[in-house]
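Participant: Would you be able to build a 3D model of this:
(one chain, ligands or ions: 1)
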Amino acid sequence: MNRRYRKTVIAGNWKLHKTIAETKAFSEALKAKMERPRWCETVLCVPYVNIPSAVRAFRDTRVAIGAQDVSCEKEGPYTGEVSAEMLKEAGAKYVIVGHSERRRRYGETDLLVGRKVQAALDAGLSPIICVGETLDEREKEITAERITVQVKAALADVSVTALRRVIIAYEPVWAIGTGHTASVEYAGEIGTHIRTVLRRKYGARAARSVSILYGGSMNEENAAALLACPDVDGGLIGVASLDADRFWAIVEAARPAPVDDTPPPKPRLSHEENE
Ligand code: PEP
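Facilitator: Model prediction:
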């Protein structure tokens, strides 16, 4: 994390979990532990139909609500789709775009991800753009190339001004929902690679303000070590975000260490040394 230049973001991805009643119960459990976490942006990306009730449940807290996908279209004959405008009106502030489950199961291409990112930005949402290599790509040692292609495609039409609202989540596909987390060194290295790609396109100043999250079996035990990497500015969390205690423990792991304000010991004066 580098709090000087960018915000820390802890975002939960609930996927296909939790009814409206369960969302309410979760919000009560989380609010019971939560002092307002000012040290990070806390986000919950919930199923579409839960967005209005989640927004209501977390009103007056510092938890923002997001969606897990968005249409690249504004309106028209697209049965089953939900537009960015609709999400915004429902109270969402964030939207996950290009999650590997959508790329893999629903055939989302890099090109489509780019269009969705643009749709989200046009409506005033912050896209959380997921990129990451498969196990096969990792074994072929083409991780960096694959991620470069994904990041460039997702940001193809994004201006330097709009970049301020973009969040990138590095999620190695082989780590999602498997309990196998990337090592701290590996996650940190890919985070730095992503920032290099951003720097080449937008310049150092713009690139340093983008929050880059790690996702893939992040939990309350490994979060602090991952978050200590300079280019890991938060987490996108699946399974561990479904439980209020576990999610809160990850938010806590992002809390800055308290400043030690004990006065330093008085320097010994030279005449004391001689005594
Ligand atoms: C995810 O789905 O974005 C994710 C990171 O899941 P998990 O934490 O369960 O691996």
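
Participant: So what touches stretch 51-63?
Facilitator: By C-beta atoms under 8 Å, 6 or more residues apart in numbering, the residues outside stretch 51-63 that reach it are 20, 23-24, 27-28, 30-31, 34, 36-38, 41-44, 46, 64-65, 67, 87, 90-92. C-beta here means a position set from N, CA and C on the backbone, and glycine is covered the same way.

Participant: Pull up the distance across it, start to finish.
Facilitator: End-to-end distance of stretch 51-63 (C-alpha to C-alpha, to the nearest Å): 12 Å.

Participant: Quick check: buried residues in that stretch?
Facilitator: Applying a neighbour-count criterion of 16 or more other C-beta atoms under 10 Å, the buried positions in stretch 51-63 are 51, 53-55, 57-58, 63.

Participant: Give me the mean pLDDT for it.
Facilitator: Averaging pLDDT along stretch 51-63 yields 93.

Participant: Could you do stretch 203-214 as well?
Facilitator: Here stretch 203-214 scores 97 as its mean pLDDT.

Participant: quick one on the thing from earlier: quick one: which of the buried residues of stretch 51-63 sit in strands?
Facilitator: When strands are assigned by DSSP state E, the members of these inside them are V63.

Participant: lowest confidence element among the helices and strands of the chain?
Facilitator: helix 270-273 (a mean of 55; mean pLDDT, DSSP states H and E).

Participant: Identify the residue spatially nearest to N50, adjacent ones excluded.
Facilitator: Distance criterion C-beta to C-beta, 6 or more residues apart in numbering; nearest residue to N50, sequence neighbours excluded, is T23 at 4.9 Å.

Participant: Would you quantify the distance from the one you found to A244?
Facilitator: For T23, the distance to A244 (C-beta to C-beta, to the nearest Å) stands at 11 Å.

Participant: With M86 instead?
Facilitator: 28 Å.

Participant: Can you name the residue of the chain nearest to the ligand?
Facilitator: In the chain, no residue comes nearer to the ligand than G238, which is 2.2 Å away by C-beta to the nearest ligand atom.

Participant: Give the buried subset of the contacts of stretch 51-63 as a PyMOL selection command.
Facilitator: The buried residues among the contacts of stretch 51-63 can be selected in PyMOL (16+ other C-beta under 10 Å) with this line:
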select buried, resi 23+24+27+30+34+37+41+42+43+44+46+64+65+67+87+90+91+92
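
Participant: Next one: T181 from G98, what distance?
Facilitator: Taking C-beta to C-beta as the measure, T181 and G98 are separated by 21 Å.

Participant: for the closest residue in space to E41 that isn't next to it in sequence, what are its contacts?
Facilitator: Nearest-residue entry for E41: V9, 4.6 Å, with adjacent residues in sequence omitted and distances by C-beta to C-beta, 6+ apart. Applying C-beta under 8 Å, 6+ apart, we find V9 in contact with 40-41, 43, 128, 167, 211, 213, 233-235.

Participant: Would you mark the buried spots in stretch 225-244?
Facilitator: In terms of neighbour count (16+ other C-beta under 10 Å), stretch 225-244 has its buried residues at 226-227, 229, 231-242, 244.

Participant: tell me the contacts of A90?
Facilitator: Residues in contact with A90, defined by C-beta under 8 Å, 6+ apart, are 51-52, 55.
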